[in-house]
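**Student:** Prediction below, plus the sequence it came from.
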Amino acid sequence: MKKISNVFYITIGLIILAVGFGAFSPGSFEAITSNIKNFVASTFGWYYMLLMSFMLVLSIFFTLSPYGRIRLGKDTDRPQFSTVTWIAMLFSAGMGIGLVFYGAAEPLSHFAISPATEEPNTDEAFKEALRQSFFHWGLHVWAMYGVIALSLAFFQFRKQEPGLISATLKPIFGNKMKGPRGVLVDVLAVFATSFGVATSLGFGAVQINAGLNYLFGVSIGISSQFIIIAIVTVLFIMSAWSGLSKGIKYLSNANIVLALALLGFILILGPTLLIFNMFTDSFGGYLANLVNMSMRTAPLNADNREWLDGWTIFYWAWWISWAPFVSMFIARVSKGRTIREFMIGVLVAPTLLGSFWFSAFGTTAIDMQKQGLTDLTASSTELTIFEMFNAMPLSLFISIFAILLIASFFITSADSATFVLGMQSTNGSLTPPNNVKLIWGIIQSTIAVILLSVNGLTALQNTIIIAALPFSFIMLLMIVALLKALKAEAKEMKLKK
């Protein structure tokens, strides 16, 4: 335990305070966090829209600029993982479980209510539903993850700095980041990561529980969810224990195979031609309307603004709150790639895969709804996908397959986060000790179980969205530091020539 830093102990103390408040006074905790979250969304919505758009512009700049030739590591370094495995890791750690959870439910919701069309449940609303889903899970999100991961990877592998967010700010603040300022930055990152993953564990357990109840009558409640979390915890700790090149690598590859297989079932059993046509048309519409969608704040329409606060601005804050974990993991597995190769991979592959996923599941769900085959709008979010499968051939087989995929994504996200939390609490070690990863695994699962037992997951979700605001300012500082360091690096490389 000698490697453990003060960040570990301070964050544990804050977690105990927050979880204790949520456990003993769940109503007050949710009311307070909801009020703060609503204030942040309504007051800083314009800021989030500009920030995420800036990230996309910046990612394109890094791809096209001469900086793109710089390698994330020594000039002789080459990628540790194959391109397919690398993309699988990005996809699994970033948002795999969310795609299963929202793949059918989100487009269906936008089909019924959307800020861009006054006529819900129409053909135009159908296309808009897919465009909005692409927007919320596409280029902006991955640009933000990519830019922050680029900063982390550049300083870790090119400059041999510790794998800490605070270390990326040294070009601005110098060695002051080794003191209390650096600890504060890293504590915020670890706090957001631990709560974000605990929330994901909780929601994942709820969806697996709902699926098992729907298929086999397994009772819904904290007892079943506790057993699910306990089993998943053992599995993801075993994976994290085996290391990056074994457990996480193999699970990520398995995730992609399972996800592509499930996608294949939907393409074959669903409205195949309509799926391909809707993807082509809606993705083109997404790209054509990207600027307008990126800047939409609806200042003169209260109903549209409420929708934006509940969807787009909520998503932007949610993704920012996940940035410490996802970006750090992306950075860790990207050593040896050039900046151009890195940015193209992070931007293009997950966006295309995610968009096609929403096209397949969203088109199938909306088509069923339009034809009156089943009323999916009456289902809860976690059950929508299972209700959709129920109206298709081989429904039991596909549903069981989907539960396996959810569990697999569940495990991969958790073990990736455990690895990152281990790095952050051991002074940026690229190979954190197994005992530290074990402790973090148990902590994440304990948070999820406690807050599930008192219906406190919504308040927890609110808390990390609130934490996204201060972290967004740290992100801007990271960009300034990265640009400063890249400029110096480019000058040095020129001198070497």
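**Tutor:** Okay, I see it.

**Student:** Report the secondary structure element holding residue 184.
**Tutor:** In this assignment (DSSP states H and E), residue 184 forms part of helix 180-216.

**Student:** whoops, I mixed them up, residue 23
**Tutor:** Under DSSP H and E, the secondary-structure element containing residue 23 is helix 6-24.

**Student:** for the following helix or strand past that helix, what is the average pLDDT?
**Tutor:** Downstream of helix 6-24, the next assigned helix or strand under DSSP H and E is helix 26-64. Helix 26-64 shows an average pLDDT of 92 in the prediction.

**Student:** circling back to that earlier point, just how off-centre is the helix holding residue 184 within its chain?
**Tutor:** Helix 180-216 has its average C-alpha position 11 Å from the chain's average C-alpha position, going by C-alpha atoms, centre = their mean, to the nearest Å.

**Student:** what about it, average pLDDT?
**Tutor:** Helix 180-216 shows a mean pLDDT of 84.

**Student:** what packs against the helix or strand following it?
**Tutor:** Scanning forward in sequence from helix 180-216, with DSSP H and E defining helices and strands, the next element found is helix 222-242. Judged by 3 or more C-beta pairs under 8 Å, 6 or more residues apart in numbering; DSSP states H and E, the packing partners of helix 222-242 are helix 180-216, helix 395-424, helix 434-453. Where C-beta positions appear, they are placed from N, C-alpha and C, glycine not excepted.

**Student:** so where's the stretch 51-200 of the chain uncertain?
**Tutor:** Per-residue confidence of the stretch 51-200 of the chain (counting by pLDDT under 70) places the weak regions at 93-95, 116-118.

**Student:** Which residues belonging to the helix holding residue 184 are considered buried?
**Tutor:** Counting neighbours by 16 or more other C-beta atoms under 10 Å, one finds that the buried residues in helix 180-216 are 182-215.

**Student:** now stretch 442-459
**Tutor:** When neighbours are counted by 16+ other C-beta under 10 Å, the buried residues of stretch 442-459 are found to be 443-445, 447-452, 454, 456-459.

**Student:** ok, so of the residues you listed, who is nearest residue 110?
**Tutor:** Taking C-beta to C-beta as the measure, residue 458 is the one of the buried residues of stretch 442-459 closest to residue 110, at 21.4 Å.

**Student:** wouldn't the closest one be in contact with residue 29 here?
**Tutor:** No: with contacts defined as C-beta atoms under 8 Å, residue 458 does not count as touching residue 29, sitting 9.6 Å away.

**Student:** May I have the host helix or strand of residue 106 exported as PDB, CA atoms only?
**Tutor:** Secondary structure from DSSP H and E places residue 106 in helix 105-112. Listed in PDB are the C-alpha atoms of helix 105-112, where the atom choice follows Å, rounded to 0.1, in the frame of the first residue of the first chain:
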ATOM      1  CA  ALA A 105     -35.800   3.800 -26.100                       C
ATOM      2  CA  GLU A 106     -34.100   7.100 -27.100                       C
ATOM      3  CA  PRO A 107     -35.200   7.300 -30.700                       C
ATOM      4  CA  LEU A 108     -38.700   6.200 -29.700                       C
ATOM      5  CA  SER A 109     -38.800   9.100 -27.200                       C
ATOM      6  CA  HIS A 110     -37.700  11.600 -29.800                       C
ATOM      7  CA  PHE A 111     -40.200  10.300 -32.200                       C
ATOM      8  CA  ALA A 112     -43.000  11.300 -29.800                       C
END
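
**Student:** Keeping just the C-alphas, turn the helix or strand following that helix into PDB.
**Tutor:** Elements were assigned by DSSP H and E; along the chain past helix 105-112, the next helix or strand is helix 123-137. What follows is helix 123-137, C-alpha atoms only, in PDB (Å, rounded to 0.1, in the frame of the first residue of the first chain):
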ATOM      1  CA  ASP A 123     -42.200  10.600 -41.000                       C
ATOM      2  CA  GLU A 124     -40.200  13.800 -40.400                       C
ATOM      3  CA  ALA A 125     -40.200  13.100 -36.600                       C
ATOM      4  CA  PHE A 126     -38.900   9.600 -37.500                       C
ATOM      5  CA  LYS A 127     -35.800  11.000 -39.200                       C
ATOM      6  CA  GLU A 128     -35.400  13.700 -36.600                       C
ATOM      7  CA  ALA A 129     -35.500  11.000 -33.800                       C
ATOM      8  CA  LEU A 130     -32.500   9.300 -35.400                       C
ATOM      9  CA  ARG A 131     -30.600  12.600 -36.000                       C
ATOM     10  CA  GLN A 132     -31.000  13.600 -32.400                       C
ATOM     11  CA  SER A 133     -29.700  10.200 -31.200                       C
ATOM     12  CA  PHE A 134     -26.700  10.400 -33.500                       C
ATOM     13  CA  PHE A 135     -26.000  13.900 -32.200                       C
ATOM     14  CA  HIS A 136     -26.200  13.000 -28.500                       C
ATOM     15  CA  TRP A 137     -23.900   9.900 -28.900                       C
END
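
**Student:** in helix 123-137, what's buried?
**Tutor:** Of the residues in helix 123-137, those scored as buried under the neighbour-count criterion (16+ other C-beta under 10 Å) are 125-137.

**Student:** ok, residues contacting that helix?
**Tutor:** 95, 98-99, 102, 106-112, 114, 116-117, 119, 278-279, 281-283, 285-286, 289-290, 293, 311-312, 315, 351, 354-355, 358-359, 362-363, 366, 370 (C-beta atoms under 8 Å, 6 or more residues apart in numbering).

**Student:** ditto for stretch 58-67
**Tutor:** Around stretch 58-67, the neighbours that count as contacts under C-beta under 8 Å, 6+ apart are 68, 143, 146-147, 150, 339-340, 343-344, 346-347, 479, 486, 490.

**Student:** And for the residue nearest to residue 392 when sequence neighbours are not counted, the neighbour number?
**Tutor:** On the basis of C-beta to C-beta, 6 or more residues apart in numbering, the spatially nearest residue to residue 392 that is not a chain neighbour turns out to be residue 269, at 5.0 Å. As a burial measure, the neighbour count of residue 269 was computed by other C-beta atoms under 10 Å and equals 15.

**Student:** Give me the pLDDT for residue 458.
**Tutor:** Residue 458 is given a pLDDT of 78.

**Student:** Specify the local secondary structure of it.
**Tutor:** In terms of secondary structure, residue 458 is helix; the call rests on DSSP: H, G, I helix; E, B strand; the rest coil.
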